[in-house]
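Participant: Quick one, fold the following:
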Amino acid sequence: MKDRLTIGELARRAKVPVSTVRYYERSGLLQPSGRSAANYRLYSQEDLHRLKFVRAAQATGFTLDDITQLLRPARCGRVQGLIEHRLEQVADRMRELRHVRRVLQASLEECREHEETGRCRVIDTLSATAGSR
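Facilitator: Next up is the predicted model:
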């Protein structure tokens, strides 16, 4: 049974903790292909590929629900819809991050301008903003 992997070997090859494999099992994303005579979970190379797919999909921001849908036989339109939705989320997040970058850059410039006073105006501004909430 060299083509069968134990849960530990599967986890090592996928570079994830065993707890992650168990979590995916509980979530229904992964199931052992069989059991050994000693009742150990056994996995196939296909299971390893599936686990790597789940990790790659998570790395691009898909939720476990999205991944469940991606793993089902699907028409391209449904898959495209999931990808389009994820792209919209990424675009929104990028807009938010650009705004945060502008605010931080302006704060840094203001802080540098008033460095000689010994009191950072950015802290004063943030303190006043926090107090008004």
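
Participant: domain ranges for the protein?
Facilitator: For the chain, whose domains are defined here by automatic domain parsing, the residue ranges read 1-72, 82-133.

Participant: model confidence over the shortest one, on average?
Facilitator: Going back to what we said before, that points to domain 82-133. This predicted structure assigns domain 82-133 an average pLDDT of 84.

Participant: With just CA atoms, put stretch 108-127 into PDB.
Facilitator: Below are the C-alpha coordinates for stretch 108-127, written out as PDB (Å, rounded to 0.1, in the frame of the first residue of the first chain):
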ATOM      1  CA  LEU A 108       4.200  60.400   8.700                       C
ATOM      2  CA  GLU A 109       4.900  63.600   6.800                       C
ATOM      3  CA  GLU A 110       3.100  65.700   9.400                       C
ATOM      4  CA  CYS A 111       5.000  63.900  12.200                       C
ATOM      5  CA  ARG A 112       8.300  64.700  10.500                       C
ATOM      6  CA  GLU A 113       7.300  68.300  10.000                       C
ATOM      7  CA  HIS A 114       6.600  68.800  13.700                       C
ATOM      8  CA  GLU A 115       9.400  66.700  15.000                       C
ATOM      9  CA  GLU A 116      11.300  69.600  16.600                       C
ATOM     10  CA  THR A 117       8.400  70.500  18.900                       C
ATOM     11  CA  GLY A 118       8.900  67.300  20.900                       C
ATOM     12  CA  ARG A 119       5.200  66.400  20.700                       C
ATOM     13  CA  CYS A 120       3.800  64.400  17.800                       C
ATOM     14  CA  ARG A 121       0.700  66.100  16.400                       C
ATOM     15  CA  VAL A 122      -0.400  62.700  14.900                       C
ATOM     16  CA  ILE A 123      -0.800  61.400  18.400                       C
ATOM     17  CA  ASP A 124      -2.800  64.500  19.400                       C
ATOM     18  CA  THR A 125      -5.000  64.100  16.400                       C
ATOM     19  CA  LEU A 126      -5.600  60.400  17.000                       C
ATOM     20  CA  SER A 127      -6.300  61.100  20.700                       C
END
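
Participant: on that earlier part again, most tightly packed of the domains of the chain?
Facilitator: domain 1-72 (a mean of 15; mean count of other Cβ atoms under 10 Å). Every residue, glycine included, has its C-beta placed from N, CA and C.
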